[in-house]
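Engineer: Sequence first, then the predicted structure:
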2 protein chains.
Amino acid sequence: MKFNSALENIKVYEAGKPIELVVREYGIEKDQIVKLASNENPFGCSPKVKEAVRAIIDNMALYPDDSMVKLKTALSQKYGIQSNELVIGAGSDQVIEFAIHAKAHGGSKVLMNSVTFAMYEIYAKQVGAQIIRTPSREHKMDEFYALYQEHRPSIIFLCTPNNPTGDGLLASEMIDFISKVDSDTLVIVDGAYMEYARFKNPAYAVEPKELIERFENVLFLGTFSKAYGLGGMRVGYGIAQAPIIEALYKVRPPFNITTLSLEAASVALYDEAFVQWCIEENFKEMARYEAFARSKGIDVIDSYTNFVTLSLPEEKNSSKIAQELLKKGMIVRDLSSYGLNAIRITIGTRVQNDRFFELTDSLV
Amino acid sequence: MKFNSALENIKVYEAGKPIELVVREYGIEKDQIVKLASNENPFGCSPKVKEAVRAIIDNMALYPDDSMVKLKTALSQKYGIQSNELVIGAGSDQVIEFAIHAKAHGGSKVLMNSVTFAMYEIYAKQVGAQIIRTPSREHKMDEFYALYQEHRPSIIFLCTPNNPTGDGLLASEMIDFISKVDSDTLVIVDGAYMEYARFKNPAYAVEPKELIERFENVLFLGTFSKAYGLGGMRVGYGIAQAPIIEALYKVRPPFNITTLSLEAASVALYDEAFVQWCIEENFKEMARYEAFARSKGIDVIDSYTNFVTLSLPEEKNSSKIAQELLKKGMIVRDLSSYGLNAIRITIGTRVQNDRFFELTDSLV
């Protein structure tokens, strides 16, 4: 059977190995495995969220409230925006998918950073769009602007802080750039890790409300998968002016968020103290990774997220090191598929991080 | 901002009203509302499923096992198929979306029944495909064949039992038809209610294994949202030969099923006794709806599902009756948007059904 020709160019996304897979493949006991590969919150979610989800277990048979009023109300309050400026996705991933399906098509161009979140390219290729990438590993706005002028892309992705590298982009630089882009180009600001950036240095944080008040062509993305500790529940969101949201709604499948996930995300927003505590812990532990890297003479990219990226010297091979660690039950992300000789490690709990230092000590 | 022109023709799906909405709009107490609008299992899911989900609440922070090994193993065993003949979607809805995105595009034609599940058209329009519909309300294979020959569609949808009407299609007739279709046309057999049909009359049931052994161009859809009582958890599946599954995987977003949903669906498959009991109850109660309709001189479509469709006489208006019931806290589905003067009622518990008869008695 023949399928759409765009599919020929699609490489399936390589996810961080789940613990179950390592148990199966390497025969390691489940409780001996440490997964620092998918930037999950090592402290999980707020205990209030668990309690709330337990309380509605009987509702698993019932289709979700597709108007999502509870979650939209909580998010609107958090950001000082209106409900019709919000769309909820099964992870911010799904909002990326909506945006690409609504705006791009065969022949469109999509501009993104040299190294960035893999799903932008995968979704863009699904509709046959052409990918344009900047040359540098960091988001450099002059490079973006030059390529914007040359190619007039229909969508531009700015991922800040960037995944999988962790570095940030000054909000002021980003806003200067957006103000030079024509209003028919959709600029997607992926803020999946924005809670961490806001904590570390407010100059690297953008406020969605200000962004969408100023620009009619910006879509801001946020997620519950990282700081809010709900990676397994698949909830993210997009914030934009109402006409953009209306278009995304046209390609949104009904009931795209589970009944339990809607509850979990709503309740998570009412325990910001828990999230702030997790973020504080994150940066305390990150300092230990930086010290470890320094002691080994390894470059670490200055990170505004809940992970660190260690750029290895030429004589070390990231794939080999990740594989060695895996055999010992330590799951990290090898970035060779992104063209980097680097490994990305999620900041874990103190105990998990100690284990990483111990296992890695002899390898780097 | 301009969006893809295909979006202009998309009407957003109208979901059954959730209980929360009726509470808000009509100020009715939550426990006074009966929802018989979305074909949920009124007995919910197996108690074993609830127990299993409670036991892994701590895993909400962890991304799902994207290889879905536990669920795929359970489904493979149930159907006697291989794991690579399976794709899991967030509801069978999402598998429909995968299939359309993989196979159809602007200029494609998609053939479906006159009255059938609304999402086929919505997804097809998202990619700019043209919709071809048969004339009759029932699936008539000669009508399908004539339109197939005339239009050579890239996808054909057969929904059996059909939603929102409940009538079935003899498996033998369907197979005769499929055997006359060329192998580059994807035939999607939507069996969302197949568990009910199999119970009522095996002649109306198709076995996915036989279907895909015989045909390289068939995709069978099943779901956990109906008989398995997990409508809120968004899990469905597609069964086809491996090359079709491989293509669908290329348009599948990673982590499309939540961690809790994967567990719920896996465990649900190991309590088939519960599901069979629910189905038995369903048909006992359906007999009461049939008797009610007869006593009122109303036509009821012979149903192979967990709902009944009452075709109203001309002097009665389905929208008005559904609205009257809504004001009293009874949510049913008005089918006027499908071009039918009919209401569709999910078979509830005995108490819920009694309430329906009581409230409807004076209206029809």
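Structural biologist: All right, it came through fine.
Engineer: buried sites along the longest helix along chain A?
Structural biologist: Ranked by residue count, the top helix of chain A under DSSP state H comes out as helix A:272-296. Neighbour counts using 16 or more other Cβ atoms under 10 Å in any protein chain shown place A:274-275, A:278-279, A:281-282, A:285-286, A:288-289, A:292-293, A:296 of helix A:272-296 among the buried residues. Every C-beta, even on glycine, is put in place using the N, C-alpha and C of the backbone.
Engineer: Ok, stretch A:211-228 next?
Structural biologist: Result for stretch A:211-228 [16+ other Cβ under 10 Å]: buried residues A:211-212, A:215, A:217-228.
Engineer: From those, list the ones also adjacent to chain B.
Structural biologist: A:N217, A:S225 (Cβ under 8 Å from any Cβ of the partner chain).
Engineer: hang on, the earlier thing: the longest helix of chain A and chain B, are they touching?
Structural biologist: No: using Cβ under 8 Å from any Cβ, helix A:272-296 never reaches chain B; the gap is at least 10.2 Å.
Engineer: So what's the model's average confidence on whichever helix or strand comes after that helix?
Structural biologist: Counting by DSSP states H and E, the element after helix A:272-296 in chain order, helix or strand, is strand A:299-300. Strand A:299-300 comes out with an average pLDDT of 94.
Engineer: So which elements touch the longest helix of chain A?
Structural biologist: In terms of contacts (3 or more Cβ pairs under 8 Å, 6 or more residues apart in numbering or on different chains; DSSP states H and E), helix A:272-296 is packed against helix A:194-200, strand A:299-300, strand A:307-311, helix A:350-360.
Engineer: Next, the angle from it to strand A:307-311.
Structural biologist: 20 degrees (axes from the mean of the first three to the mean of the last three Cα atoms, to 10 degrees).
Engineer: now helix A:272-296 and helix A:350-360, what's the angle there?
Structural biologist: Compare the direction of helix A:272-296 with that of helix A:350-360 by the same axes, to 10 degrees and you get 20 degrees.
Engineer: Residue of the stretch 101-250 of chain A nearest chain B, please.
Structural biologist: Relative to chain B, the nearest point of the stretch 101-250 of chain A is A:G232 (3.1 Å; Cβ to the nearest Cβ).
Engineer: Can you check the pLDDT for that residue?
Structural biologist: 97.
Engineer: and it, what does it touch?
Structural biologist: B:N59, B:M60, B:A61, B:L62, B:Y63, B:P64, B:T258, B:T259, B:L260 (Cβ atoms under 8 Å, 6 or more residues apart in numbering or on different chains).
Engineer: how about 6 Å then?
Structural biologist: B:N59, B:M60, B:L62, B:Y63, B:P64, B:T258, B:T259 (Cβ atoms under 6 Å, 6 or more residues apart in numbering or on different chains).
Engineer: circling back to that earlier point, in helices only, show me the buried residues of stretch A:211-228.
Structural biologist: A:L211, A:I212.
Engineer: which residues touch A:K209?
Structural biologist: A:Y79, A:G80, A:I81.
Engineer: can you tell me the residue of the stretch 251-364 of chain A closest to chain B?
Structural biologist: Using Cβ to the nearest Cβ, A:T259 is the residue of the stretch 251-364 of chain A that sits closest to chain B, at 3.1 Å.
Engineer: Number of residues surrounding that residue?
Structural biologist: A:T259 is flanked by 25 other residues according to other Cβ atoms under 10 Å in any protein chain shown.
Engineer: what do you get for A:M60?
Structural biologist: 26.
Engineer: and the gap between it and chain B?
Structural biologist: 5 Å (Cβ to the nearest Cβ, to the nearest Å).
Engineer: Could you verify my assumption that that residue touches B:M233?
Structural biologist: Yes: counting by Cβ atoms under 6 Å, B:M233 is a contact partner of A:M60 at 5.4 Å.
Engineer: The stretch 51-200 of chain A against chain B: which residues are in contact?
Structural biologist: Applying Cβ under 6 Å from any Cβ of the partner chain, one finds that the stretch 51-200 of chain A approaches chain B through A:57, A:59-66, A:93, A:102-103, A:105, A:126, A:184.
Engineer: Check the separation of the first and last residues in stretch A:180-196.
Structural biologist: Length of stretch A:180-196, first residue to last, Cα to Cα, to the nearest Å: 27 Å.
Engineer: in it, what counts as buried?
Structural biologist: Neighbour count says stretch A:180-196 has A:181, A:185-196 buried, by 16+ other Cβ under 10 Å.
Engineer: For those residues, give me TSV that also has pLDDT and distance to A:Q130.
Structural biologist: Shown next, in TSV, are the buried residues of stretch A:180-196 (pLDDT from 0 to 100; distance: Cβ to Cβ, whole Å):
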residue	pLDDT	distance to A:Q130
A:V181	98	18
A:T185	98	15
A:L186	98	15
A:V187	98	18
A:I188	98	17
A:V189	98	21
A:D190	98	20
A:G191	98	25
A:A192	98	25
A:Y193	98	27
A:M194	98	28
A:E195	98	33
A:Y196	98	32
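Engineer: So what touches stretch A:126-139?
Structural biologist: A:6, A:104-106, A:108-115, A:121, A:124, A:143-144, A:147, A:151, A:167, A:169, B:251.
Engineer: Between the two ends of it, how far is it?
Structural biologist: End residues of stretch A:126-139 are separated by 24 Å (Cα to Cα).
Engineer: same deal with stretch A:125-140?
Structural biologist: 24 Å.
Engineer: What average pLDDT does that stretch get?
Structural biologist: The average of the pLDDT scores along stretch A:125-140 is 95.
Engineer: In that stretch, which residues are buried?
Structural biologist: So stretch A:125-140, judged by 16+ other Cβ under 10 Å, has buried residues A:K125, A:Q126, A:V127, A:G128, A:A129, A:I132, A:R133, A:T134, A:R137, A:H139, A:K140.
Engineer: how close does the fourth one get to B:Q94?
Structural biologist: Pointing back at A:G128 there. According to Cβ to Cβ, to the nearest Å, A:G128 stands 21 Å off from B:Q94.
Engineer: swap in the last one?
Structural biologist: When distance is defined by Cβ to Cβ, A:K140 is 37 Å away from B:Q94.
Engineer: try the fifth one
Structural biologist: Between A:A129 and B:Q94 the computed distance is 22 Å (Cβ to Cβ).
Engineer: try the second one
Structural biologist: Taking Cβ to Cβ as the measure, A:Q126 and B:Q94 are separated by 14 Å.
Engineer: now do the third one
Structural biologist: Shown here: A:V127 relative to B:Q94, a distance of 17 Å by Cβ to Cβ.
Engineer: so how far is the first residue of stretch A:346-354 from its last?
Structural biologist: Using Cα to Cα, the two ends of stretch A:346-354 sit 13 Å apart.
Engineer: residues making contact with that stretch?
Structural biologist: So stretch A:346-354 is in contact with A:V34, A:L36, A:N39, A:P42, A:N282, A:E285, A:M286, A:N306, A:F307, going by Cβ under 6 Å, 6+ apart.
Engineer: A:R344 is in contact with the last one, correct?
Structural biologist: Yes: the pair A:F307 and A:R344 qualifies as a contact (Cβ under 6 Å) at a distance of 5.4 Å.
Engineer: Looking at stretch A:48-55 now, give me its mean pLDDT.
Structural biologist: pLDDT averaged over stretch A:48-55 gives 98.
Engineer: how far is that stretch from where the chain is centred?
Structural biologist: Centre-to-centre, stretch A:48-55 and its host chain are 25 Å apart (Cα atoms, centre = their mean, to the nearest Å).
Engineer: Identify each buried residue in that stretch, please.
Structural biologist: Within stretch A:48-55, the residues scored as buried using 16+ other Cβ under 10 Å are A:V49, A:K50, A:A52, A:V53.
Engineer: swap in stretch A:27-39?
Structural biologist: Buried-residue list, stretch A:27-39, by 16+ other Cβ under 10 Å: A:I28, A:I33, A:V34, A:K35, A:L36, A:A37, A:S38, A:N39.
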